[in-house]
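Engineer: what follows is a predicted structure for the sequence shown.
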Amino acid sequence: MFSYCADPSLIEGWAWISCYMTTTKHLTAFSSIFTVLLLLAITAPVALLFGFVGATAARSHFAPLRWLGKTYSAVVRGVPDIAFFLFFVIALDQGIEWLRHKIKCPDWPDAIRQGNDFVVCSAAKMPLSESSTFVHQSYGFSLAVLTFAIVFGAFAANVLYGAMGAVPRAQMETGEAYGMSNRQTFWRILVPQMWVYALPGLSNLWMILIKATPLLFLLGVRDVVYWAKELGGLKTNAFAYPHPDWRLWYFLGLLVFYLTLTKLSELILNRVMARLTHGQATAGGEAARKATS
């Protein structure tokens, strides 16, 4: 990036550090921070949507829908995250390619399953081999978002199911006494009030989601943890810049990054909780009332 970096023999002291930290690999590593933040920004609302649908289904009076909602929450929560990430992504990717293969290459003479190999025609590859790097990265990122959303949506479903049950039944009965339908009491009474009870559990899920982002490497996405290991190592395939083993310093940088992110999250969530509980007949609302009186 700097002109004096062109001749390594002239680089000394802090000038060497400036050249080292502005290499293409390091700039890519810095951009991976944005990848992590983007994953969190997209996954959180999608997972919350999965959780809301799952919790609503688990409360349904229609038995098959209720069983489906409870099964989703129980099964996904019961499978270790790393096992789900390894299995689901491969199964989903191969399932998409299998469907594309059946549509685009109906006259394919060979079997798709050939021993341990999964072979489809080139037109069925997802993404296509001639696609740009951006398309490949976007596809992997989309799989990551969907996988994270399904996993954490199951936990969110359990939290929201409990929060829905925590809303006093008397309030629902009051709405019914005023002539509201079940749908009206659900959307006008239950849903607005359940967030007070759900937020502590959802806050914990958000913190766990932040800590789970290093699992991105299982999905082929190069995140900040991958780059810290590769750039800090003495010899790696990603970076050939000569230096000692600096992984300790890189991981200390990661420590600062994640602690800063969780601290900011804690401050924001506390403000949201104070706003939601303001005027509410809950322990949090009583604490907020006493604090302002």
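Structural biologist: On my side now, so go ahead.
Engineer: how close does Ser138 sit to Trp67?
Structural biologist: Ser138 sits 36 Å away from Trp67, going by CB to CB, to the nearest Å. All C-beta spots, glycine's among them, are computed from the backbone N, C-alpha and C.
Engineer: and what about the closest residue to Phe141 other than its chain neighbours, helix, strand or coil?
Structural biologist: Distances taken as CB to CB, 6 or more residues apart in numbering place Val221 nearest to Phe141, at 6.0 Å, with adjacent residues excluded. Per DSSP: H, G, I helix; E, B strand; the rest coil, the local secondary structure of Val221 is coil.
Engineer: next, the contact list for Val221, please.
Structural biologist: Thr35, Gln137, Gly140, Phe141, Ala144 (CB atoms under 8 Å, 6 or more residues apart in numbering).
Engineer: of the residues you listed - the most surrounded one?
Structural biologist: Ala144 (24 neighbours; other CB atoms under 10 Å).
Engineer: and it, what's its pLDDT?
Structural biologist: At Ala144, the model reports a pLDDT of 85.
Engineer: alpha carbons of the helix or strand hosting Tyr226, as PDB, please.
Structural biologist: Assessed by DSSP states H and E, Tyr226 sits inside helix 224-232. Provided in PDB are the C-alpha atoms of helix 224-232 (Å, rounded to 0.1, in the frame of the first residue of the first chain):
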ATOM      1  CA  VAL A 224     -11.700 -13.700  11.900                       C
ATOM      2  CA  VAL A 225     -10.600 -16.800  13.800                       C
ATOM      3  CA  TYR A 226      -9.400 -18.500  10.700                       C
ATOM      4  CA  TRP A 227      -7.400 -15.400   9.700                       C
ATOM      5  CA  ALA A 228      -5.900 -15.100  13.200                       C
ATOM      6  CA  LYS A 229      -4.700 -18.600  13.100                       C
ATOM      7  CA  GLU A 230      -3.400 -18.400   9.500                       C
ATOM      8  CA  LEU A 231      -1.700 -14.900   9.700                       C
ATOM      9  CA  GLY A 232      -0.300 -15.500  13.200                       C
END
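Engineer: check which element follows the helix or strand hosting Ile103 along the chain.
Structural biologist: Counting by DSSP H and E, the element that carries Ile103 is helix 81-104. Using DSSP H and E, the helix or strand that follows helix 81-104 in sequence is strand 113-114.
Engineer: okay, now the sheet partners of that next one, with direction.
Structural biologist: strand 117-118 (antiparallel) (DSSP bridges).
Engineer: quick one: whatever helix or strand comes next after the partner strand to chain centroid distance?
Structural biologist: Next helix or strand after strand 117-118 toward the C-terminus (DSSP H and E): helix 133-166. Relative to the chain's own centre, helix 133-166 is displaced by 6 Å; criterion: CA atoms, centre = their mean, to the nearest Å.
Engineer: now the angle from helix 133-166 to helix 81-104?
Structural biologist: Using axes from the mean of the first three to the mean of the last three CA atoms, to 10 degrees, the direction of helix 133-166 lies 120 degrees away from that of helix 81-104.
Engineer: buried residues in helix 133-166?
Structural biologist: 139-141, 143-161, 163-164 (16 or more other CB atoms under 10 Å).
Engineer: do the same with stretch 63-71
Structural biologist: Gly69, Lys70.
Engineer: now it - C-alpha only, PDB.
Structural biologist: Extracted in PDB, the C-alpha atoms of stretch 63-71 (Å, rounded to 0.1, in the frame of the first residue of the first chain):
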ATOM      1  CA  ALA A  63     -52.300 -31.500  16.800                       C
ATOM      2  CA  PRO A  64     -50.000 -32.200  13.800                       C
ATOM      3  CA  LEU A  65     -48.800 -28.500  13.800                       C
ATOM      4  CA  ARG A  66     -48.200 -28.600  17.500                       C
ATOM      5  CA  TRP A  67     -46.200 -31.800  17.200                       C
ATOM      6  CA  LEU A  68     -44.200 -30.300  14.400                       C
ATOM      7  CA  GLY A  69     -43.300 -27.200  16.500                       C
ATOM      8  CA  LYS A  70     -42.300 -29.200  19.500                       C
ATOM      9  CA  THR A  71     -40.300 -31.700  17.500                       C
END
